[in-house]
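**Q** give me a model of this one.
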Amino acid sequence: MTPDFTIREVTDRKPELIDALCCLWRRSVEATHTFLSPTEIDAIAPFVPQALGGVEHLFVAESLARDPLGFMGVENARLEMLFLDPTSRGRGIGGALLRYGIEHFDVNELTVNEQNPQAVGFYEHMGFVAYQRTDLDEQSNPYPLLYMRRAGTQR
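**A** Prediction:
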């Protein structure tokens, strides 16, 4: 079956696209990061445009009508972000994005919130294993993180 989406690297990070990806990020986080309150999501949101603008490689999965369905950021063989529109989950988009990162940019490491068991399970299904756990996130909030790498890889 031919996929009904395409993956492209974003070379021109226009404000309209960044805005659309920020909205997609919020929908994704609200659906999957149930451990975060709306206030906490609001506090994180201002940092998302900076992250989208600063990551070395930004990829968007788009519908055939060019609507964003998900996105991924990659830097130094590390997955920095991967978010899907909740209505697009279960269509193979996340797997296609991650496989693209693995095949073209040797993605072999990532960090995931332990409290997001669907994401943890997805990454395990994609061949990643946890090698480190922290009780706090990078901002010293009480959200445990799992550091994962592809099985059989070393950094």
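**Q** residue ranges for the helices of this structure, please.
**A** 15-32, 38-44, 48-54, 93-105, 117-125 (DSSP state H).
**Q** of these, flag the one that's most buried.
**A** Most buried of those, by mean neighbour count (mean count of other Cβ atoms under 10 Å): helix 93-105, with a mean of 18. Glycine gets a C-beta too; all of them are placed from N, C-alpha and C.
**Q** tell me what angle it forms with helix 117-125.
**A** 40 degrees (axes from the mean of the first three to the mean of the last three Cα atoms, to 10 degrees).
**Q** counting contacts, what elements does helix 93-105 pack onto?
**A** Counting by 3 or more Cβ pairs under 8 Å, 6 or more residues apart in numbering; DSSP states H and E, the packing neighbours recorded for helix 93-105 are strand 5-9, strand 57-63, strand 68-75, strand 78-84.
**Q** output those as a markdown table; include the columns mean neighbour count and mean pLDDT.
**A** Formatted as a markdown table, the helices and strands packed on helix 93-105 follow (neighbours: other Cβ atoms under 10 Å; pLDDT from 0 to 100):
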| stretch | mean neighbour count | mean pLDDT |
| --- | --- | --- |
| strand 5-9 | 15 | 94 |
| strand 57-63 | 20 | 96 |
| strand 68-75 | 23 | 97 |
| strand 78-84 | 22 | 97 |
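**Q** turn these into TSV, including distance to Gln132.
**A** As requested, these are arranged in TSV below (distance: least, Cβ to Cβ, whole Å):
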stretch	distance to Gln132
strand 5-9	29
strand 57-63	24
strand 68-75	19
strand 78-84	14
